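Chemist: requesting a structural model of the entry that follows:
(one chain, ligands or ions: 1)
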Amino acid sequence: MERSQKSHRSRQSGPSAKKKSATDKKKRDITEEKKQNPKAFAFNSTVKAKRLQSRATEKEQRRLHLPAIDRTTGEPAPYVIVVHGPPQVGKSLLIKSLIKHYTKHNISEVKGPITIVSGKQRRLQFIECPNDINGMIDAAKYADLALLLIDGSYGFEMETFEFLNIMQVHGFPKVMGVLTHLDKFKDVKKLKKTKQRLKHRFWTEIYDGAKLFYLSGLIHGKYVKREIHNLARFISVMKFHPLSWRTSHPYILVDRFEDITPQDKISTNKKCDRNVTLYGYLRGCNMKKGTKVHIAGVGDHNVAGLTGLADPCPLPSAAKKKGLRDKEKLFYAPMSGIGDLLYDKYAVYVDINDHLVQYSKVDDDDTSRKGTEKDVGVDLVKSLHNTKYTVDEKLNKSSINLFSQKSYNSKEITNGDDEDHDKLIEPVEEFDTVDSDDESDDSAEPRSLKSNNRNKTLVENKIEEEREVHEGRIRRKAVFGNESELDDQEASDDDNDEETENDNSNYESLSSDEEEEEDEEEEDIEENMGNASKWKESLVERTISRKTTNLMQLVYGKSETKPDDSSHEDIDADASDEDDEFFKPKSEGNKKSSKGLEGDEVNTDDSSKFTNYASIKDWKDGEIIESIRDRFVTGDWSKAAQRGKAADNDNDDGDDDDDGPVFGEFEDLETGEKHEGEKTADANKETDAVAEERRLKKLALRAKFDAQYP
Ligand SMILES: Nc1nc2c(ncn2[C@@H]2O[C@H](COP(=O)(O)OP(=O)(O)OP(=O)(O)O)[C@@H](O)[C@H]2O)c(=O)[nH]1
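Modeler: Numbering: from 1, shown residues only. A predicted model of the protein is given here:
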């Protein structure tokens with residue numbers, strides 16, 4: 001038997017398909033035609049299509065901005081990038097790493113603004129934000145982008161939130177978070193969890209999706225090249241939207257200053273008025289001659305003259321070519337001692353490299369400076385050092401706190417065996433001066449005692465400040481109210497030996513449970529971060545307590561159309577409660593609420609609406625409703641006293657323990673003077689008759705109404 005061989009399947013695509021003969025091509029054309037599906041790009045689901053469309057529109061809207069008027073003439077001034085963070089977080093190192101990335105130059109120290117050319121059309125000016133409130137306020141005024149450095153191994157510190165608050169006041173510039181010290185984590189899972197936790201917190205504080213960079217550690221004392229590259233790329237392409245106030249006001253970030261007062265003038269009078277030249281890029285709009293200027297931290301001054309100078313760090317030539325050539329990667333940092341020859345109006349300066357001079361703060365203190373001759377540069381730096389000290393001291397003494405503190409009470413320890421001894425002593429002494437309730441022991445204590453050393457201060461927006469000694473210095477940890485609550489709960493719920501929130505490694509304890517599932521993790525984060533669940537709880541409570549009482553129903557009885565049982569019950573319960581409150585002497589009401597606070601049904605938001613379920617009568621019972629009917633205008637007042645008494649007796653049965661004696665008092669007030677009560681009833685007989693008549697009329701009206709609208 002002959003079997004027909006199965007023919008090869010002809011190729012539909014690829015190079016072999018192209019080699020086919022003309023007839024094949026024809027065939028293929030037909031099949032391709034068939035393949036084309038006219039509905040390929042149509043939508044299947046209308047819901048999905050609608051969602052897609054609205055998303056596209058939203059994206060479009062987000063991209064739209066008010067047209068910004070560009071008042072700048074010539075080359076735009078460099079964008080200012082403020083690097084902010086608590087002490088020792090790695091600000092200088094980040095600036096150094098970024099400068100190295102952009103310019104391929106190493107800088108030994110970061111002092112004052114450092115200008116670099118980052119692209120054909122962009123210059124950047126990096127500046128380290130000082131660690132004091134005044135410095136932060138100034139930085140918030142001129143920052144185009146704020147890099148918020150956060151010590152990942154430690155968590156958020158108060159400085160970050162203080163700076164965020166200041167920025168909110170001065171017009172929020174662009175903000176990016178950078179997590180450092182992540183190499184301190186040994187456990188990968190813990191690291192991951194911490195990253196997530198910090199990211200969510202960061203998002204809550206700024207906006208959902210705010211950029212947060214991770215710097216995983218150091219290589220040869222510098223941050224990882226790849227990570228710095230990514231960060232730099234982000235900064236290079238970032239769009240800066242000008243803040244309206246800034247665009248209409250001229251301002252300068254001074255990157256160099258010289259005291260040009262003649263020497264002889266100073267020698268005759270040390271406190272003479274000085275002439276100072278300030279250099280910097282003019283931003284915002286043009287500055288007029290003769291206007292007064294405000295120098296931050298100095299005051300208002302007259303400008304003797306304004307001169308336009310050659311750009312010390314010009315943009316590369318406009319010739320078309322891709323990228324920057326190394327030659328053009330310019331930078332300018334006069335205060336950091338970088339830059340070659342400097343020309344200005346008064347002189348020409350030749351900059352001598354720092355390592356040739358070698359002066360520093362430490363040498364200064366030791367009075368063994370290496371330079372033998374006194375020179376201006378040394379003096380200048382020395383004066384800068386001095387200024388820095390006084391500002392710090394001033395700040396320490398003034399102890400400004402942005403967040404209001406409910407309690408201020410701190411302990412401190414001294415650390416004898418540490419190389420950072422000097423650093424530690426300084427703030428500790430300062431602490432002594434502000435301590436109100438000091439329980440410190442001056443003896444040298446080991447660092448392991450840090451946990452006892454914590455001190456919590458409640459701040460306004462649910463961020464608590466915890467001062468503690470960490471790595472030989474005092475740090476102000478930011479602890480979030482609900483986070484610590486959660487910790488407490490966890491500590492009490494779990495039998496694990498997890499540390500409580502007061503513990504030193506609180507931060508770690510949060511992420512120490514390794515058996516948790518991913519989704520649980522997410523939940524955990526949610527609870528830690530947002531106050532969502534908390535506020536939702538109180539919302540439900542509030543809604544219940546705010547249910548309006550149907551007075552009409554109470555006075556005129558139930559209508560034909562009954563609301564559903566549960567809500568009816570609620571309404572009645574509330575109403576009875578309020579009535580009780582109204583008809584009871586004050587002491588009774590107070591007693592009730594104080595008793596209630598011990599119970600479970602505490603409405604802490606609105607204690608006036610508090611419900612004591614024990615004393616609730618069954619208001620569905622027609623008899624009980626009848627018993628208070630006469631307490632209203634439409635009721636029969638002559639019987640009111642007696643009925644009231646009956647109702648009260650009912651109540652007495654409910655809870656004898658507490659209410660008994662109080663009700664005696666009540667009886668005294670209302671019905672104790674019985675004759676009087678009767679007397680008034682007699683005297684008002686006529687008015688009662690009128691009231692009765694009115695009541696009947698009303699009842700008739702009601703019946704009529706009910707008949708009309710069943
Ligand atoms: N292990 C580790 N060390 C880091 C990291 N970042 C910075 N450091 C180190 O932390 C120390 C402080 O870094 P700096 O750059 O001087 O920090 P700073 O914020 O400028 O400090 P101040 O100017 O004193 O506020 C340096 O010794 C850095 O090497 C990091 O991610 N991991």
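Chemist: so what sits opposite the residue in the stretch 101-250 of the chain that the ligand sits nearest to in the bridge?
Modeler: Nearest residue of the stretch 101-250 of the chain to the ligand, counting by Cβ to the nearest ligand atom: T180, 3.9 Å away. Using the backbone N, CA and C atoms, a C-beta is placed for each residue, glycine as well. Under DSSP bridges, the beta-bridge partners of T180 are D151.
Chemist: so where is the stretch 551-700 of the chain shaky, pLDDT-wise?
Modeler: 551, 553-555, 557-615, 637-684 (pLDDT under 70).
Chemist: if we use 50, what do you get?
Modeler: For the stretch 551-700 of the chain, residues meeting the criterion pLDDT under 50 lie at 561-581, 584, 587-608, 647, 650-680.
Chemist: L218 contacts L182, correct?
Modeler: No: counting by Cβ atoms under 8 Å, L218 does not reach L182; the two are 10.3 Å apart.
Chemist: what strand or helix carries V293?
Modeler: For V293, the element it lies in under DSSP states H and E is strand 292-295.
Chemist: and the strands in the stretch 51-200 of the chain?
Modeler: With DSSP state E, counting those that start in this stretch as the criterion, the stretch 51-200 of the chain has strands at 79-84, 114-117, 123-128, 145-151, 174-180.
Chemist: partners of the strand holding V293, with directions?
Modeler: Sheet pairing of strand 292-295 (DSSP bridges) gives strand 299-302 (antiparallel).
Chemist: with just CA atoms, put the strand it pairs with into CSV.
Modeler: This file holds the C-alpha atoms of strand 299-302, laid out as CSV (Å, rounded to 0.1, in the frame of the first residue of the first chain):
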residue,chain,number,x,y,z
GLY,A,299,19.4,91.8,57.4
ASP,A,300,18.4,94.4,54.9
HIS,A,301,21.1,96.3,53.1
ASN,A,302,21.7,98.7,50.3
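Chemist: need the residues that contact it.
Modeler: With Cβ atoms under 8 Å, 6 or more residues apart in numbering as the test, strand 299-302 has contacts from 290, 292-295.
Chemist: which one of those sits closest to the ligand?
Modeler: Nearest to the ligand out of the contacts of strand 299-302 is I295 (Cβ to the nearest ligand atom; 23.6 Å).
Chemist: distance check, the closest residue in space to that closest one that isn't next to it in sequence against N275.
Modeler: Excluding its sequence neighbours, the residue lying closest to I295 (Cβ to Cβ, 6 or more residues apart in numbering) is H301, at 6.0 Å. Using Cβ to Cβ, to the nearest Å, H301 is found at 11 Å from N275.
Chemist: got it, and C285?
Modeler: For C285, the distance to N275 - Cβ to Cβ - is 26 Å.
Chemist: one more: L98?
Modeler: 35 Å.
Chemist: contact partners for the residue of the stretch 101-250 of the chain closest to the ligand?
Modeler: Contacts of T180 by Cβ under 8 Å, 6+ apart are 85, 89-90, 94, 149-152, 215, 223.
Chemist: over to L98?
Modeler: 126, 228, 231-232, 235.
Chemist: from those, which land in strands?
Modeler: Taking DSSP state E, the ones among the contacts of L98 that sit in strands are F126.
Chemist: which of the contacts of L98 are buried? Put it as a ChimeraX command.
Modeler: To isolate the buried ones among those in ChimeraX, judged by 16 or more other Cβ atoms under 10 Å, type:
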select :126,228,231,232,235
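Chemist: quick one: which of the contacts of L98 is nearest E464?
Modeler: L231 (30.8 Å; Cβ to Cβ).
Chemist: which ones are touching that closest one?
Modeler: 98, 178, 213.
Chemist: which one among the contacts of T180 gets closest to A77?
Modeler: Taking the contacts of T180 together and measuring to A77 by Cβ to Cβ, the closest member is L94, at 22.4 Å.
Chemist: what about that closest one, distance to the ligand?
Modeler: According to Cβ to the nearest ligand atom, to the nearest Å, L94 stands 7 Å off from the ligand.
Chemist: how about V82?
Modeler: 13 Å.
Chemist: ok, the nearest residue to that residue once chain neighbours are set aside - contacts?
Modeler: Counting by Cβ to Cβ, 6+ apart, A143 is the residue found nearest to V82 once chain neighbours are left out, at 3.9 Å. Shown in contact with A143 (Cβ under 8 Å, 6+ apart): 80-82, 167, 173.
Chemist: quick one: which of those residues has the most company?
Modeler: V82 (29 neighbours; other Cβ atoms under 10 Å).
Chemist: that residue reaches P130, doesn't it?
Modeler: No: look at V82 against P130 with Cβ under 8 Å: they stay out of range, at 10.1 Å.
Chemist: overlap in contacts of those two?
Modeler: With Cβ under 8 Å, 6+ apart as the test, V82 and P130 both reach A139.
Chemist: partner residues bridging R283?
Modeler: Here R283, judged by DSSP bridges, has bridge partners Y251.
Chemist: how many other residues sit next to it?
Modeler: Around R283 there are 22 residues (other Cβ under 10 Å).
Chemist: return the per-residue confidence for it.
Modeler: Here the pLDDT value assigned to R283 is 84.
Chemist: wait, isn't it in contact with L253?
Modeler: Yes: in this structure, R283 is within contact of L253 by Cβ under 8 Å, at 7.4 Å.
Chemist: touching both of these two, which residues are there?
Modeler: Common neighbours of R283 and L253 (Cβ under 8 Å, 6+ apart) are Y142.
Chemist: circling back to that earlier point, mean pLDDT and distance to Y102 added to the strands of the stretch 51-200 of the chain, as JSON lines?
Modeler: As requested, the strands of the stretch 51-200 of the chain are exported to JSON lines (pLDDT from 0 to 100; distance: least, Cβ to Cβ, whole Å):
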{"stretch": "strand 79-84", "mean pLDDT": "93", "distance to Y102": "11"}
{"stretch": "strand 114-117", "mean pLDDT": "87", "distance to Y102": "5"}
{"stretch": "strand 123-128", "mean pLDDT": "91", "distance to Y102": "8"}
{"stretch": "strand 145-151", "mean pLDDT": "92", "distance to Y102": "14"}
{"stretch": "strand 174-180", "mean pLDDT": "91", "distance to Y102": "16"}
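Chemist: closest to R467 out of these?
Modeler: That would be strand 145-151 among those, by Cβ to Cβ, at 15.5 Å.
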